[in-house]
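Engineer: After the sequence you'll find the predicted model.
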Amino acid sequence: MFMKILSIEWRRLVTADGESISQCNEAYAIVLHAIDKLREHLRPMGIEPSLVIKPISENESKTYICETNQIFINGVLISLWLDNSSMQTKTQEPCRAYQLLSQELIVSAGLKAAALML
């Protein structure tokens, strides 16, 4: 069976060695759990979620702080899939720079994006 791909890109902050900074480990776990939940919901519909992790170095983050911890689903920023009232505002805290992640928000946005693929 041919599976359609639901592309999920997560932009995470990394050290000079390419490792996640400690603040991003919790966010990483949340993203992985959301992917697992989406997989459960979407496989029966012939859709497979695919996670792409785009690292942003600590040096780049000084310029692009608002890009850390962003999630794009099928190329669209997650906030555009969701009701804006469910989104958190920007902060300067690493791995929370765009929004505070929750598994439920990621799954909800992924399901909305997947519905357009059917």
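Structural biologist: That came in fine, so what should we check first? Numbers count the residues shown, from 1 in each chain.
Engineer: would you list every one of the helices in the protein?
Structural biologist: 22-42, 58-63, 78-81, 103-115 (DSSP state H).
Engineer: ok now the last one, how far from the chain's centre?
Structural biologist: I take that to be helix 103-115. Taking Cα atoms, centre = their mean, to the nearest Å, one finds the center of helix 103-115 at 10 Å from the center of the full chain.
Engineer: which helices and strands does that helix pack with?
Structural biologist: strand 4-14, helix 22-42, strand 71-73, helix 78-81 (3 or more Cβ pairs under 8 Å, 6 or more residues apart in numbering; DSSP states H and E). For the C-beta atoms, the positions are set from N, CA and C on the backbone; glycine is no exception.
Engineer: Ranking those by mean neighbour count, which comes first?
Structural biologist: Highest mean neighbour count among the helices and strands packed on helix 103-115 (mean count of other Cβ atoms under 10 Å): strand 71-73, with a mean of 22.
Engineer: okay, and the helix or strand of this structure with the least pLDDT?
Structural biologist: When the helices and strands of the chain are scored by mean pLDDT, DSSP states H and E, helix 58-63 comes last with a mean of 69.
Engineer: do you know how far V52 is from V14?
Structural biologist: As judged by Cβ to Cβ, to the nearest Å, V52 and V14 stand 14 Å apart.
Engineer: Give me the most central residue, the chain.
Structural biologist: Computing the C-alpha centroid of the chain and ranking residues by Cα atoms, centre = their mean puts I71 first, at 3.3 Å.
Engineer: List the residues that contact that residue.
Structural biologist: With contact taken as Cβ atoms under 8 Å, 6 or more residues apart in numbering, I71 is in contact with I8, E9, W10, R11, V31, L77, I78, L101, I106, A109.
Engineer: again, 6 Å this time
Structural biologist: W10, I78 (Cβ atoms under 6 Å, 6 or more residues apart in numbering).
Engineer: follow-up on the earlier one: list just the one of the helices and strands packed on helix 103-115 that sits closest to E60.
Structural biologist: Using Cβ to Cβ as the measure, strand 4-14 is the one of the helices and strands packed on helix 103-115 that comes nearest E60, at 8.7 Å.
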